[in-house]
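# This is a predicted model, with the sequence first.
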Amino acid sequence: AQTVTQSQPEMSVQEAETVTLSCTYDTSESDYYLFWYKQPPSRQMILVIRQEAYKQQNATENRFSVNFQKAAKSFSLKISDSQLGDAAMYFCAYQRGGSEKLVFGKGTKLTVNP
Amino acid sequence: GAVVSQHPSRVICKSGTSVKIECRSLDFQATTMFWYRQFPKQSLMLMATSNEGSKATYEQGVEKDKFLINHASLTLSTLTVTSAHPEDSSFYICSAQTGYEQYFGPGTRLTVT
């Protein structure tokens, strides 16, 4: 079974600084997708970034970028120029085949200090 | 962007009663919807996968007779918690699949007294 591990229960960063959230996963599949979701205090799940396993290029979305190391099965999220609104729970998720259920990690709580 | 709504956002019911939660995709059709449960300070736990026009697929350990799921149309899935008990109190979240992405509803907080 696929598993997703987030080893950092909590992280903190100073406003305007950069922070990296870690995620590793385990799978024997070759066709899969990886995601980072943000869950602010409102508890609405928001898609931050998505990476297709077949793409070597790391995905980026404005201040958010990933470091996808397929051989190491690592998928970290880098947040640049952190803002107070970035404070939230961040969940790493795995999806097989692009249309299957999501498997979530346990999450990392990010605090942004002014 | 794709929007998913849930109704109600909060519900309080008495032990032994049933409660229905609706999940709607507002601006797209979703052949597959998912129901999750989230305990405080924990991750999302998938309860079941709902496909339009067919029976839901439940995850191991989820009681299908207690958590009834109906996917009546391409835009609506419902979760009914039958004979609710205090231990069913939780935050329930649905999501709808379109293409390769899932969009999440805002969640429903269920409190059983």
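Right, received. Where do you want to start? Numbering: from 1, shown residues only, chains lettered A, B, ... in the order given.
# and the residue of chain B found nearest chain A, what does it touch?
Closest to chain A within chain B is B:F104: 3.7 Å, counting by Cβ to the nearest Cβ. Bear in mind the C-beta positions are built from the backbone N, C-alpha and C, glycine included. Residues in contact with B:F104 (Cβ atoms under 8 Å, 6 or more residues apart in numbering or on different chains) are A:37, A:44-46, B:4, B:93-95.
# Quick check: chain neighbours aside, which residue is closest to it?
Counting by Cβ to Cβ, 6 or more residues apart in numbering or on different chains, B:F104 lies nearest to A:M45, which is 3.7 Å off, once chain neighbours are set aside.
# residue contacts, whichever residue of chain A sits closest to chain B?
Closest to chain B within chain A is A:M45: 3.7 Å, counting by Cβ to the nearest Cβ. Shown in contact with A:M45 (Cβ under 8 Å, 6+ apart): A:37-39, A:91, B:44, B:93, B:95, B:104.
# Let's see which of these end up in strands.
Among the contacts of A:M45, the members falling in strands (DSSP state E) are A:37-39, A:91, B:44, B:93, B:95, B:104.
# where does chain A come near chain B, residue by residue?
A:33, A:37, A:42-47, A:50, A:91, A:95, A:98-99, A:101-107 (Cβ under 8 Å from any Cβ of the partner chain).
# Where strands are concerned, which of the residues you listed count?
Using DSSP E, these in strands are A:33, A:37, A:46-47, A:50, A:91, A:95, A:102-104.
# Just the buried subset of the residues you listed, please.
Those of these that meet the buried threshold are A:33, A:37, A:47, A:50, A:91, A:95, A:102-104, by 16 or more other Cβ atoms under 10 Å in any protein chain shown.
# burial measure for B:H85, as a count.
Each residue near B:H85 was counted by other Cβ atoms under 10 Å in any protein chain shown, and the total is 11.
# Over to it: give its phi and psi.
For B:H85, the backbone dihedrals are phi -130, psi 160 (criterion: degrees, to the nearest 10).
# same question, B:E87
Dihedral angles for B:E87 - degrees, to the nearest 10 - are phi -70, psi -10.
# quick one: it and B:K66, what's the gap?
Applying Cβ to Cβ, to the nearest Å, the value for B:E87 to B:K66 is 11 Å.
# Which one's more surrounded, these two?
B:K66 (14 against 8).
# Spatially nearest residue to that one, not counting backbone neighbours?
Among residues not flanking B:K66 along the chain, B:T82 sits closest, at 5.6 Å (Cβ to Cβ, 6+ apart).
# got it, and B:E52?
Per Cβ to Cβ, 6+ apart, closest to B:E52 is B:H71, 4.8 Å.
# Give me the helices and strands touching the host helix or strand of the one you found, please.
Secondary structure from DSSP states H and E places B:H71 in strand B:67-73. Counting contacts by 3 or more Cβ pairs under 8 Å, 6 or more residues apart in numbering or on different chains; DSSP states H and E, strand B:67-73 is packed against strand B:32-38, strand B:44-51, strand B:76-81.
# I am finished for the moment; much appreciated.
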